[in-house]
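Undergrad: how does the following fold in three dimensions:
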Amino acid sequence: MHDVDRLLELTDAFLVATGDRRGAPIVHGSDAGAHPPEALRDDVAAYVSDPDATALVGSLDDWVAGAALCRVDDSDGDRRGVLDLCFVEPGAREVGLGQLLLERSLDWFRQQRCTGIDGSALPGDRGAKQFFESAGFKARLLVMHLPLD
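TA: The predicted structure follows:
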């Protein structure tokens with residue numbers, strides 16, 4: 001699939017765009033359901049082949065400008081959907097591509113019979129928080145971290 005290479009590029013763009021944000025170097029705990037950034041990139045091919053995951057791409061004309069990575073997490077006995085990435089390149093924002101990717105992700109999660117969906121936003125990332133809130137998401141967990149030397 002030629003989109004796997006583009007998925008890797010978009011995942012890298014997401015990691016670069018969020019890499020200097022507060023909390024980015026810290027991996028959210030498994031309770032938060034998020035992947036470490038390096039695992040997210042390493043696992044892109046799994047989102048394409050794993051039946052409990054999917055990778056979606058969003059295009060403007062012939063340009064793949066956005067992606068969503070979705071997976072099912074039933075490790076706590078609840079079939080919860082996890083949106084590990086929903087990213088649109090800056091030049092393609094404000095035209096509804098992110099919203100379309102989110103809607104298609106929600107459709108996929110419903111087909112998987114998920115009971116709820118988690119998406120992560122880094123501290124201070126108002127854009128991501130507002131994006132999720134506009135779709136009805138509500139914060140359910142705030143993970144605090146203290147690094148030990």
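Undergrad: alpha carbons only for contacts and neighbour counts from here, please
TA: Fine.
Undergrad: name the next helix or strand downstream of the least confident helix or strand in the chain by mean pLDDT, please.
TA: Ranked by mean pLDDT, DSSP states H and E, the weakest helix or strand in the chain is helix 37-42, scoring a mean of 64. Per DSSP states H and E, helix 37-42 leads on to helix 44-49 as the next helix or strand towards the C-terminus.
Undergrad: what's the offset of that next one from the middle of its chain?
TA: Centroid separation between helix 44-49 and its chain, computed with Cα atoms, centre = their mean, to the nearest Å, is 13 Å.
Undergrad: any idea how far residue 93 lies from residue 127?
TA: Using Cα to Cα, to the nearest Å, residue 93 is found at 12 Å from residue 127.
Undergrad: so for these two, which sits in the more crowded spot?
TA: residue 93 (14 against 11; other Cα atoms under 10 Å).
Undergrad: distance of that one from residue 114?
TA: Using Cα to Cα, one gets 28 Å for the distance from residue 93 to residue 114.
Undergrad: which stretches of this structure have low pLDDT?
TA: Within the chain, the stretches with pLDDT under 70 are 1-2, 19-41.
Undergrad: make it 50
TA: 1, 25-33 (pLDDT under 50).
Undergrad: hey, where'd the helices end up in it?
TA: 3-18, 37-42, 44-49, 97-111, 126-134 (DSSP state H).
Undergrad: dump those helices into JSON lines; add distance to residue 70 as well.
TA: Shown next, in JSON lines, are the helices of the chain (distance: least, Cα to Cα, whole Å):
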{"stretch": "helix 3-18", "distance to residue 70": "13"}
{"stretch": "helix 37-42", "distance to residue 70": "11"}
{"stretch": "helix 44-49", "distance to residue 70": "7"}
{"stretch": "helix 97-111", "distance to residue 70": "7"}
{"stretch": "helix 126-134", "distance to residue 70": "15"}
